[in-house]
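Peer 1: everything below, folded, please.
(2 chains)
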Protein chains: 2
Amino acid sequence: MARPTELVKRLLLGRPFRSDRLAHAVLPKRVALPVFASDAMSSVAYAPEQIYLALSIAGAGAFVYAGWIGLFIALVMIAVVASYRQNVHAYPSGGGDYEVATVNHGPAAGLVVASALLVDYVLTVAVSISAAAANIGSALTIVDEHKVAFSLIAIFLLAAVNLRGIRESGVAFAVPTYAFIFGIIALILYGLFRAFVLGDTLTAESANFQLVAEEPDLAGVPLVFLLLRTFASGCAALTGVEAISNGVPSFKPPKGKNAATTLLLMGSIAVAMFMGLIALANITGVQMAENPRLQFLDAPNGYIQKTLLAQLAQTVFDGFPPGFVYVTAVTGLILVLAANTAFNGFPVLGSILAQDRYLPRQLHTRGDRLAFSNGIVMLALAAMILVIVYDADENKLIQLYIVGVFVSFVMSQSGMIRHWNRHLRTERDARARRRMRRSQAINAFGLVMTAAVLVIVVVTKFTHGAWLSIVFMVAFYLMMRLIRKHYDNVARELVPPDERPPLPSRNHVVVVVSKLHLPTLRALSYAQATRPDTIVALTVNVDDADTRALQAEWDRRRIPVPLSVVESPYREITRPIIDHIKGIRKASPRDVVTVFIPEYVVGRWWENLLHNQSALRIKSRLLFEPGVMVTSVPWQLASSEKRDLDHFDDRMSPRR
Amino acid sequence: MARPTELVKRLLLGRPFRSDRLAHAVLPKRVALPVFASDAMSSVAYAPEQIYLALSIAGAGAFVYAGWIGLFIALVMIAVVASYRQNVHAYPSGGGDYEVATVNHGPAAGLVVASALLVDYVLTVAVSISAAAANIGSALTIVDEHKVAFSLIAIFLLAAVNLRGIRESGVAFAVPTYAFIFGIIALILYGLFRAFVLGDTLTAESANFQLVAEEPDLAGVPLVFLLLRTFASGCAALTGVEAISNGVPSFKPPKGKNAATTLLLMGSIAVAMFMGLIALANITGVQMAENPRLQFLDAPNGYIQKTLLAQLAQTVFDGFPPGFVYVTAVTGLILVLAANTAFNGFPVLGSILAQDRYLPRQLHTRGDRLAFSNGIVMLALAAMILVIVYDADENKLIQLYIVGVFVSFVMSQSGMIRHWNRHLRTERDARARRRMRRSQAINAFGLVMTAAVLVIVVVTKFTHGAWLSIVFMVAFYLMMRLIRKHYDNVARELVPPDERPPLPSRNHVVVVVSKLHLPTLRALSYAQATRPDTIVALTVNVDDADTRALQAEWDRRRIPVPLSVVESPYREITRPIIDHIKGIRKASPRDVVTVFIPEYVVGRWWENLLHNQSALRIKSRLLFEPGVMVTSVPWQLASSEKRDLDHFDDRMSPRR
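Peer 2: Here you go, the predicted structure:
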């Protein structure tokens, strides 16, 4: 409100943009890749680890399944990337899965997707930042000891960067993303080189621990269940693939084609990194445990389990510490940036939902600097709450994560099948029909794969936290339905009939008076200036002496407006005034009553606590009386000149 | 806001009182004693214990000083009671120390006393309730384990009872107070009877422990310092004496005389109980320690130190458990009721300070049921915060307590000396002069005693928490100065000159329009009904298509008010409207501009989040423009009929 906060806001947000420069906030492929793909690619920092953690329940022997599970996940990933390439071509407007589901399955399905995505965006931030804390914590003990604080600060900084606008984000995030890709590829290649060309024996620090299994001797159905759950955990690698489909409008034209190319590039890199890391883990014999201090019998006292990625880097670069530091640093960094994907997507989705009247209208308002500040602030707050509640523990947060992603995958791919059916009904050109059938087949394959994963995730993860995601989705869904229903009801209520409403025949003015000071005199003369049909000054008698003094001063000044005193045996203020006005309305129901209330305008926030409390009460109550207008006659106190009025800036976002 | 909260409010508060029944809320002496003296008398539940705890630092040998220190404290107590008897005769209006200091030393001194009293009221609640938890916890382990929760619930219930009104409080609190007095006197008499008549050996459970002193072999100046600090701690027994002087208006007439009699009664009982308990402690050989588990070498494992009073009751009634239970229960109860004294005094003081414009005006508003609900709620909140911060530990809280009490004692007694001097200057009657001189001598003796205690308290307790009280007092003092200065500035600004302000020559109306729906049409016809000199409908172009559609519909309906479109390259809403209105003001500076804004009225609180946000922004900004009025044209949505309007009740408190 006051100057210091304005200064901070300017420092964080920069100067506002002009509307016609909006078109400039688009990204070439080389910048779009890091901005929209950092989420998907950063998933490889935690997905292999999730596989090893899930398998550890059955003991060290189960780690042999890691490779096979990895292969299945890579297959799903290829199917999903191929499917989404069809989506971005067909729906380049940035509505993403929400638009695909709405157009092809109807608004209810779109709302299901929207609920899933809202939950996912929040979780993307919480999971990525917590994973960043774990990775950086593998190298820096101080971060490991203050994971929650680190995560909260990181979320705050990300929110601030995004409030400054999308353009800077892209450039600032390109370098670290490429540095991460370079680091992981170098790690994999150098590891394979050492193992197969130099013939070195690579042994991770956890390779020789004796692992106590929670469920040893697992076989038959329970083993299959464990493997399915491991598969479900590993599917965390697929999170973030949909981000590009929501970001198509930010690409340079031809937007659809560029987005599809970027998707392919991203998918190839992600699959290569994911499988490479699992191979390295296999070679170095890494072991992970949910409770390392209890489950690793011969680990040194106070052993802190590093992340899987950190252990690989430590092993491969064991004679070259800068390599370990580099990989850990860029991994931490890209995870922080992955959270940025959500900061790009969440406010856009919120604005679209607000335009469709599923969320409050003001989310549609564009804040300073072309970014949707309301949505950004909400996202940051929700993620901060999750981080605090879950103690920044990525392994717990990730359990909530995957459901929403696959709900929107399934809705989107099934929607695409309908999309192609609709187009095939009218398309006559044989080549075009062939192309459509091919696209439809790809989407159908994607649907089968993602639907299978969704079922597996819900069945194997339900009690581990998936239920909570589902509860949140249902809550979001119901809330948005409620808001939409409210807006629809209001819109119906407000449709005007074709004939004009009759003009009120007369205007009765009531000026509310407590003392005879300048604001009262101004209110009286302004009220007279509107030349009403009748005018009266109204005061409530709560203290006989005060009222007599007011009446005497009124007479002395020969004020030409009659002063009417209403009694108040209970010393109430509001009720007698309302009763008086109801009386006027009753006597002449076709007229209108205008109530003038003097209002103080102050410069400092706390001064508001010292004034206007009674006026506000009267005004709020009067609004419920039909046929009554309330006019505030402001009196600017000297202190009001100190007020910086710039914070009344507001901007609407353009239509999509 | 909604019905359920109204129901809860009614259940807690009962029905409102009529103004002319206010006079009935006065108390006969037998009821006034428990209401206003429970604070002072309950002090004997913790004051002797404070003496033993302070002495324990020097080891078991130091306990021999307890009797002498008790005697000195009793002397001070007699002096203070005698002094206050003069006060209530001279100032029966209930302003208490605040009034005495203001009248005789000026407003700044009055404000010092007010600050001290505000701090003290909060501490009275926190200390009394924490002590209650400790006493009840001596008998019930569950309370001992949940002291903080117990204290918070007790404060909440007290606040609720007081929101219902003072009359019920008096009756409800009379029985337990008399039960407490009876219990303590019975304990003392029966203990003395057993020791001196029956010749029983009374040995407290802690009598035979070996106490490890923190500072053994204390002698010389350090010993004197310790004794002074012990004396200061024991002066906690004097807290609450001033309560009666603030409660004089609640007495039956003759108010002054009845209050003085009640004071004498209270003082005699308190001194008797205080000295009796110290005597009993001496006979039974009770020992107290700040860290009983560390300092009592041969205490059983997991020893929980009972309060001194509980140990005495346990020893005296060792063959008669109901005696122990009775004393513990009534002690806990009277401590809870002592907190009630603050709930009676704090809102009255707050209301008086609000009348003198040292606190926000709304504190002067009398809530439901003749009690000052705003002040009660604030007091409860502040005490709850203290209880949480200090873990409901009475021994820590008590360190903050005594400073404020003695600041107001000293200010009040020195004020009384001036009071008598002033009266002696004009009084000619010899008998009256003699009476005045005698009163003045009593007040002078009170001043010497209390000033000595204040110096001792500040010197010996400063680092133990007294500094924090002083900081709070200074903060209250500065805050109230600031508020008064603000109100004074405003009052000066608002004094009207004798000539009337010139009437504005013309009234220009601007109707803010976003869409063409019913609220807009109503705003337009109401605006026309005020027959302005010029009228224009104003819309901001943030989207060309929307604006064209609006213009077309405007023309189709042949609306007789011209529609003016302002451009907004930055898609802002507020700024272009302000600029347009500034333009009108500039063209005709002696006219007035009335801006009509349609406003939605809804029934459920959350619906407000979905509407009116832009309207509120525009209105708040317009208030800063001189010569501009803002008229809200309410549109009551169907849901608004569900709103219960009773919560707009408000009441002013009568003048004192």
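Peer 1: hang on, residue A:572 in a helix?
Peer 2: No. Assessed with DSSP: H, G, I helix; E, B strand; the rest coil, residue A:572 is coil; it does not lie in a helix.
Peer 1: which residues touch residue A:489?
Peer 2: With contact taken as CB atoms under 8 Å, 6 or more residues apart in numbering or on different chains, residue A:489 is in contact with residue B:638. Just so you know, the C-beta spots here come from the backbone N, C-alpha and C atoms, and that holds for glycine as well.
Peer 1: what about it, which helix or strand?
Peer 2: According to DSSP states H and E, residue A:489 maps onto helix A:466-494.
Peer 1: now residue A:545. Its backbone dihedrals?
Peer 2: When quoted as degrees, to the nearest 10, the phi and psi of residue A:545 stand at phi -60, psi -50.
Peer 1: please tell me how far it sits from residue A:513.
Peer 2: Distance, residue A:545 to residue A:513, by CB to CB, to the nearest Å: 16 Å.
Peer 1: between the two, point out the one with more neighbours.
Peer 2: residue A:513 (27 against 8; other CB atoms under 10 Å in any protein chain shown).
Peer 1: which parts of the stretch 51-200 of chain A are helices?
Peer 2: A:66-90, A:96-105, A:107-139, A:141-145, A:147-163, A:166-192 (DSSP state H, counting those that start in this stretch).
Peer 1: could you dump the ones you listed into TSV and include mean neighbour count?
Peer 2: Output for the helices of the stretch 51-200 of chain A, formatted as TSV (neighbours: other CB atoms under 10 Å in any protein chain shown):
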stretch	mean neighbour count
helix A:66-90	21
helix A:96-105	24
helix A:107-139	26
helix A:141-145	13
helix A:147-163	20
helix A:166-192	19
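Peer 1: and those helices as a markdown table, adding distance to residue A:344 and mean pLDDT?
Peer 2: Listed next are these as a markdown table, based on distance: least, CB to CB, whole Å; pLDDT from 0 to 100:
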| stretch | distance to residue A:344 | mean pLDDT |
| --- | --- | --- |
| helix A:66-90 | 16 | 92 |
| helix A:96-105 | 12 | 90 |
| helix A:107-139 | 10 | 92 |
| helix A:141-145 | 25 | 82 |
| helix A:147-163 | 7 | 86 |
| helix A:166-192 | 7 | 82 |
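Peer 1: could those be laid out in TSV, adding distance to chain B?
Peer 2: Listed next are the helices of the stretch 51-200 of chain A as TSV, based on distance: least, CB to the nearest CB, whole Å:
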stretch	distance to chain B
helix A:66-90	25
helix A:96-105	20
helix A:107-139	17
helix A:141-145	26
helix A:147-163	17
helix A:166-192	16
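Peer 1: distance to residue B:121 for these - can I get that in a markdown table?
Peer 2: Compiled in a markdown table, the helices of the stretch 51-200 of chain A are given as follows (distance: least, CB to CB, whole Å):
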| stretch | distance to residue B:121 |
| --- | --- |
| helix A:66-90 | 66 |
| helix A:96-105 | 57 |
| helix A:107-139 | 45 |
| helix A:141-145 | 43 |
| helix A:147-163 | 38 |
| helix A:166-192 | 54 |
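Peer 1: and residue A:333, which of those helices is closest to it?
Peer 2: Each of those was scored for nearness to residue A:333 using CB to CB, and the closest is helix A:166-192 (4.5 Å).
Peer 1: what is that closest one packed up against?
Peer 2: helix A:29-42, helix A:147-163, helix A:255-284, helix A:308-316, helix A:321-355 (3 or more CB pairs under 8 Å, 6 or more residues apart in numbering or on different chains; DSSP states H and E).
Peer 1: the same query, at a cut-off of 6 Å, please.
Peer 2: Under the contact criterion of 3 or more CB pairs under 6 Å, 6 or more residues apart in numbering or on different chains; DSSP states H and E, helix A:166-192 touches helix A:29-42, helix A:255-284, helix A:308-316, helix A:321-355.
Peer 1: in whatever helix or strand comes next after the second one, what counts as buried?
Peer 2: Of the helices and strands lying after helix A:255-284 in sequence (DSSP H and E), the nearest is helix A:292-295. Neighbour-count burial for helix A:292-295 flags A:292, A:295 (criterion: 16 or more other CB atoms under 10 Å in any protein chain shown).
Peer 1: next: stretch A:237-256.
Peer 2: A:237-248, A:250-251, A:255-256.
Peer 1: average pLDDT across the helix holding residue A:489?
Peer 2: Averaged over helix A:466-494, pLDDT sits at 90.
Peer 1: send the alpha carbons of whichever helix or strand comes after that helix over as CSV?
Peer 2: As assigned by DSSP H and E, the chain's next helix or strand after helix A:466-494 is strand A:507-512. Only the C-alpha atoms of strand A:507-512 are listed here, as CSV (Å, rounded to 0.1, in the frame of the first residue of the first chain):
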residue,chain,number,x,y,z
ASN,A,507,-35.6,11.2,-5.6
HIS,A,508,-35.7,11.4,-1.8
VAL,A,509,-32.3,12.3,-0.2
VAL,A,510,-31.3,11.4,3.3
VAL,A,511,-28.0,12.8,4.6
VAL,A,512,-26.7,10.8,7.6
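Peer 1: what is strand A:507-512 packed up against?
Peer 2: By 3+ CB pairs under 6 Å, 6+ apart, strand A:507-512 packs against helix A:518-529, strand A:534-541, strand A:592-601.
Peer 1: how far off strand A:534-541 does it point, in degrees?
Peer 2: 30 degrees (axes from the mean of the first three to the mean of the last three CA atoms, to 10 degrees).
Peer 1: ok now strand A:507-512, how far from the chain's centre?
Peer 2: 48 Å (CA atoms, centre = their mean, to the nearest Å).
Peer 1: buried ones in stretch A:462-480?
Peer 2: In stretch A:462-480, counting by 16+ other CB under 10 Å, buried: A:464, A:465, A:466, A:469, A:470, A:472, A:473, A:476, A:477, A:480.
Peer 1: and for residue A:236, nearest residue in space, chain neighbours not counted?
Peer 2: Once flanking residues are discounted, residue A:236 sits nearest to residue A:47: 4.7 Å by CB to CB, 6 or more residues apart in numbering or on different chains.
Peer 1: in chain A, which helix or strand is least confident?
Peer 2: Lowest on mean pLDDT, DSSP states H and E among the helices and strands of chain A sits helix A:3-13, with a mean of 48.
Peer 1: what residues does the stretch 251-400 of chain A put near chain B?
Peer 2: For the stretch 251-400 of chain A, the residues in contact with chain B (CB under 6 Å from any CB of the partner chain) are A:360, A:362.
Peer 1: give the contact list for whichever residue of the stretch 251-400 of chain A sits closest to chain B.
Peer 2: Nearest residue of the stretch 251-400 of chain A to chain B: residue A:362, at 4.6 Å (CB to the nearest CB). Counting by CB atoms under 6 Å, 6 or more residues apart in numbering or on different chains, residue A:362 touches residue B:613.
Peer 1: go with 7 Å
Peer 2: Residue A:362 makes contacts with A:374, B:613, as judged by CB atoms under 7 Å, 6 or more residues apart in numbering or on different chains.
Peer 1: please report phi then psi for it.
Peer 2: According to degrees, to the nearest 10, residue A:362 has phi -70, psi -10.
Peer 1: same check on residue A:533?
Peer 2: phi -70, psi -40.
Peer 1: list the contacts for it?
Peer 2: For residue A:533, the contact set (CB under 7 Å, 6+ apart) comprises A:506, A:507, A:508.
Peer 1: from those, list the buried ones, please.
Peer 2: Buried members of the contacts of residue A:533, scored by 16+ other CB under 10 Å, are A:507, A:508.
Peer 1: what ranges do the strands span in the stretch 551-656 of chain A?
Peer 2: For the stretch 551-656 of chain A, the strands defined by DSSP state E, counting those that start in this stretch cover A:563-567, A:592-601, A:628-636, A:651-652.
Peer 1: out of the helices and strands packed on strand A:507-512, which is the most enclosed?
Peer 2: strand A:592-601 (a mean of 24; mean count of other CB atoms under 10 Å in any protein chain shown).
Peer 1: mind listing residues that contact that strand?
Peer 2: Under the contact criterion CB under 7 Å, 6+ apart, strand A:592-601 has outside partners A:504, A:507-512, A:519-520, A:523, A:527, A:532, A:581, A:584-585, A:611-612, A:615, A:618-619, A:622, A:627-637, A:640, B:526, B:529-530, B:623-624.
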